[in-house]
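A.B. asks: What follows is a predicted protein model with its sequence.
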Amino acid sequence: MAAAPEHHTGSLKEQIAKVFEVSLKVTVPDEPEVAPLIAVCSKKEAADYQCNNAMSLWSKIKGKGTEFRGPQPVGQAIMRNLPTSDMIESCSIAGPGFINVKLSTQWIAKRIQNMLTDGIDTWAPRLSVKRAIVDFSSPNIAKEMHVGHLRSTIIGDTIARMLEYSKVDVLRRNHVGDWGTQFGMLIEFLFEKFPDGEVTDQDIGELELFYKASKQRFDGDDEFKERARKAVVALQSGKEEKYQKAWAQICEISRRGFEKVYERLGVHLEEMGESFYNPYIPLALKELNDKGLIKDDEGAKVIKIIEGKKALPLVATEKDGRYSYASTDFAALWSRLPEEEVKWIILVILQSGTEEKYQKAWAQICEINRKGSKIVYQRQGVHLGESLNNTYIPLALEELDDKGLIEDDEDAKVIKIIEGNKVPPLIVTKTDGGYNYASTDLAALWYRLNEEKAEWIIYVTDVGQREHFKKIFAAAKSAGWLPADESKYPKTSHVGFGLVLGDDGKRFRTRSTEVVKLVDLLDEAKTRCKAALVERGKMAEWTAEELEQTAEAVGYGAVKYADLKNNRLTNYTFNFDQMLNDKGNTAVYLLYAHARICSIIRKSGKDIEQLKREGQMLLQTDDERKLGLHLLQFAEAVEEACTNLLPNVLCEYLYDLSEKFTSFYSECKVVGSAEETSRLLLCEATAVVMRKCFHLLGITPVYKI
Ligand code: ARG
């Protein structure tokens, strides 16, 4: 098989962009920096994709003595100058100059066939970053690994997998909490209980209980407290071996507990805990100090965080009482957000230079947008129609006012955009001279940038740590470790996630006070799946091993998928009945859908490898074409999920894929039809893409049900 021509790689959008790039160069030779703006067509029935360059190009060139007489002629010229391409079947102009693109059905089929022969890896998106670090899972030694860590493990693993698939060199880092002051207390308690120093795992028993007991001792006795404090110093000085040994022992017992969870989840991580970075702290802090960033603050050493530049307030109500331009936009946002279905809100801001302000104001109003909707600010583009219903303005403004955001300003009402140093400083050395979580993270960041040469460092923790990371990143920017421009590398991202809730809407716990044991949770998912399979008579049909493996794949897959399918910022409710339902958007449903496709192929009795070599795919009906096009959009979904660090984007893609397959399969006869070969190939391609999605989500596929 000859290598595909160069322009046949990358995502579909990217490939279309390449064709338009050629035309743009010819159409507006004086604007060489204009990049093609390609999007999925807003009217799916009209076309597949659209090119949105005409309008912005027009406003760019209109004063410069151009021969064009408006955006539409610009669009027409772009269309005329397109090079011939077997990818595009036809183009047409819509509205003020959008170019609708219909892809060639034959080309789509060809691309899918190529993938079947060359493998799904040829569809991997290409990212511009070479090496990334994903800092995830990261539980704390001697403490319970709770569901928050489970979320971090699941989300972090998926992000790492997607980046790896996109050919990024990924360092998977487990930043375990193995260096806190808690060790003084633990070690001292250990010495007290086992004075000869010879302890075994059994002696310590369950580490959490050991932790609790030592904490009790710590809280109740000042003399013990003092000894514990000294023990920390002894440990951290590294001079006394017995402290080192006790520490290592406690870490090892914890580690074995964590490993059990990772093993069940099939997650691989490399432990580089807080202790690893300890020797680098003085170095990192010295650099920051040399840059004049570290200040004394009542005995502690701190970094003052200054956020952004000063901004003018955003006017909500003008001096004469009229609602401002901004208030209409808030009303529009406000009225749309409560709708559960709203995933995207495109705010079209025609006045350039204002969008940043909206973003900030919005961020202030609800730091995490309550529905997890995505708000996209677009300076120019599709006009959404007249300004939104005025009735929402008072409601929206009232909510802003309730949050204390609206202030009087010379008769006008304004929203002050918070900038400047309202944030408490970042403590990097405590009053007693000791280091803390932040000092370690600064040292870790220094190490990752300078020693590991990472270009993208991704931290996966609950949203509660957002402020911490914001400060770390801000300090690194002030020091020049990171570029001020966030679109440049190296860069850092905090991947925050919401809480896991129980059915009662409260933080998920098994019994009222206990946190959930992760291993038990995973075991239960598996047990329930097994019971369901036994009920369906699989005990007689399958080997014991098959039963076990399927129950495991489905059970663990269900737990992972239930977490990943939500926008990670939202809280989600942990519910076995829901996640193990074989209908709806669950892993069970999707895994079974995949198994069903495999069984269609099996039952046809055809050799699929031979069909791949000799058969031809044709996408004749509407459903076949829709399914085919969706398959080709796989790279786009992965790319979006990667760049925005949102695994739910891939889940949505996968669910959509199975729905499109269902439509196809209910409309088109496969086995025994005249189009059997072509349709079997389409089934196979769907199964291949589904499997890759499962793989990226850390889910093991099943082949029969
Ligand atoms: N150990 C921390 C916790 O359990 C998470 C560490 C996250 N990573 C980091 N580099 N701070 O909350």
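C.D. replies: Now that the structure is in, tell me what you want to look at. Numbers count the residues shown, from 1 in each chain.

A.B. asks: Show me what the biggest helix by length in the chain is packed up against.
C.D. replies: Identified as the longest helix of the chain according to DSSP state H is helix 241-265. The elements that helix 241-265 packs onto, with contact taken as 3 or more CB pairs under 8 Å, 6 or more residues apart in numbering; DSSP states H and E, are helix 147-165, helix 182-193, helix 201-204, helix 207-220, helix 222-237, helix 518-535, helix 544-564. No exception for glycine: its C-beta is placed from N, CA and C like everyone else's.

A.B. asks: Okay, buried residues for the fourth one please.
C.D. replies: Of the residues in helix 207-220, those buried under the neighbour-count criterion (16 or more other CB atoms under 10 Å) are 207-208, 210-211, 214, 217-218.

A.B. asks: Secondary structure element for Asp401, which one?
C.D. replies: helix 392-402 (DSSP states H and E).

A.B. asks: next structured bit after that helix?
C.D. replies: Using DSSP H and E, the helix or strand that follows helix 392-402 in sequence is strand 406-409.

A.B. asks: Now do that next one, average pLDDT.
C.D. replies: Computed over strand 406-409, the mean pLDDT rounds to 76.

A.B. asks: For the ligand, see how far away Gln236 is.
C.D. replies: 18 Å (CB to the nearest ligand atom, to the nearest Å).

A.B. asks: what's near enough to touch the closest residue to that residue other than its chain neighbours?
C.D. replies: Spatial nearest neighbour of Gln236, chain neighbours left out: Asn278 (7.2 Å); criterion: CB to CB, 6 or more residues apart in numbering. Applying CB atoms under 8 Å, 6 or more residues apart in numbering to Asn278 gives the contacts 179, 236, 435, 440, 443.

A.B. asks: tell me the pLDDT at the first one?
C.D. replies: If I follow you right, that is Trp179. For Trp179, the predicted pLDDT is 88.

A.B. asks: Give the phi and psi angles for the nearest residue to it once chain neighbours are set aside, as a check.
C.D. replies: Nearest non-adjacent residue to Trp179, counting by CB to CB, 6+ apart: Glu274, 3.9 Å away. The phi/psi pair for Glu274 (degrees, to the nearest 10) reads phi -50, psi -40.

A.B. asks: how many other residues sit next to Glu274?
C.D. replies: A total of 24 residues lie near Glu274 under the criterion other CB atoms under 10 Å.

A.B. asks: isn't it right next to Gly180, touching?
C.D. replies: Yes. With contacts counted by CB atoms under 8 Å, Glu274 reaches Gly180, the gap being 7.3 Å.

A.B. asks: okay, and the common contacts of these two?
C.D. replies: Shared contacts of Glu274 and Gly180, defined by CB under 8 Å, 6+ apart, are found at Tyr437.

A.B. asks: What is whatever helix or strand Ala17 lives in packed up against?
C.D. replies: Assigned by DSSP H and E, Ala17 belongs to helix 12-27. On a contact count with 3+ CB pairs under 8 Å, 6+ apart, helix 12-27 meets strand 38-40, strand 49-51, helix 71-80, helix 634-643.

A.B. asks: Can you check what angle separates that helix from helix 634-643?
C.D. replies: 100 degrees (axes from the mean of the first three to the mean of the last three CA atoms, to 10 degrees).

A.B. asks: Only the buried residues of the host helix or strand of Glu624, if you could.
C.D. replies: Assigned by DSSP H and E, Glu624 belongs to helix 622-632. Buried residues in helix 622-632, counted by 16+ other CB under 10 Å: 623-625, 627-632.

A.B. asks: Tell me where the stretch 551-700 of the chain has strands.
C.D. replies: 572-573 (DSSP state E, counting those that start in this stretch).

A.B. asks: circling back: let me know which of the helices and strands packed on helix 241-265 is tucked in deepest.
C.D. replies: Compared across the helices and strands packed on helix 241-265, helix 147-165 shows the largest average neighbour count, a mean of 24 (mean count of other CB atoms under 10 Å).

A.B. asks: re earlier: what's next to the helix holding Glu624, contact-wise?
C.D. replies: 12, 48, 103, 105, 108-109, 111-112, 617-619, 656-657, 660-661, 663-664, 667-668, 679, 682, 685-686, 689.
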